[in-house]
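Colleague: sequence and predicted structure, then a few things I'm wondering about:
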Amino acid sequence: PVISKIKPFFLSSFLISSAVFSQAHNVSEGYQKPTDPLVIQNLDQWQDMKFGLFMHWGTYSQWGIVESWSLCPEDESWTQRKPEHGKSYNEYVKNYENLQTTFNPTQFNPQKWADAVKKAGMKYVVFTTKHHDGFAMFDTRQSDYKITSPKTPFSKNPKSDVTKEIFSTFRKEGFKIG
């Protein structure tokens, strides 16, 4: 008897919460819907993909930290800097920037990543090619703070232009690249 009363309660609660939380997102004031047919077509294609991978990877991975946020002094209250990476902020930044000289991901294999992502059912990949720290995961003439720099051991690897390798591998496997 009690169970028969609980089931309708949970079902009605679920239906009410579903109705409330599935409301369309309110568009920001001043937003202007695109009118360019190519932009609209591109947006529609991305909307239909639903499930994909946002990939962040760089020198900071050696320390097992989250991207480059730890370089922001204003985020000191929530950023956890480990003392072994630098006792002071300035020492930390210097050591962080020196990660370039030890970044050597010799087992980098974008095909393994593409296979795993495909097996998971993902449709697209967005790879952050350059973070706030300025380290480029591609070859550029704009800076020597990059994966293809002679200062970076991985620069001698035939797959040193990581961005190019990731994009070409994932495109070959039929993924949309962002």
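Modeller: Thanks, I have the structure now.
Colleague: all helices for the protein, in order.
Modeller: In the chain, the segments counted as helices under DSSP state H are 2-21, 37-49, 89-97, 110-120, 162-172.
Colleague: lowest average pLDDT across those helices?
Modeller: For those, mean pLDDT drops lowest on helix 2-21, to a mean of 54.
Colleague: need the contact list for residue 99.
Modeller: 59-60, 62-63 (C-beta atoms under 8 Å, 6 or more residues apart in numbering). Using the backbone N, CA and C atoms, a C-beta is placed for each residue, glycine as well.
Colleague: among those residues, who's most crowded?
Modeller: Of all those, residue 59 has the most neighbours under the rule other C-beta atoms under 10 Å, reaching 24 neighbours.
Colleague: tell me how far the closest residue in space to it that isn't next to it in sequence lies from residue 108.
Modeller: Computed as C-beta to C-beta, 6 or more residues apart in numbering, the closest residue to residue 59 that is not its neighbour in sequence is residue 99, at 3.8 Å. Taking C-beta to C-beta, to the nearest Å as the measure, residue 99 and residue 108 are separated by 16 Å.
Colleague: from residue 160, how far off is the nearest residue to residue 172 once chain neighbours are set aside?
Modeller: Distances taken as C-beta to C-beta, 6+ apart put residue 114 closest to residue 172, at 7.8 Å, once the chain neighbours are dropped. To residue 160, residue 114 is 19 Å away according to C-beta to C-beta.
Colleague: likewise residue 112?
Modeller: 18 Å.
Colleague: quick one: which of the two has more around it?
Modeller: residue 160 (21 against 11).
Colleague: contacting residues around the more buried one?
Modeller: With C-beta under 8 Å, 6+ apart, residue 160 has these contacts: 139, 147-148, 152, 154.
Colleague: what score does the nearest residue to it once chain neighbours are set aside have for pLDDT?
Modeller: In this structure, residue 160 finds its nearest non-sequential neighbour in residue 148, 5.0 Å apart by C-beta to C-beta, 6+ apart. pLDDT recorded at residue 148 is 96.
Colleague: kind regards, and thank you for your time.
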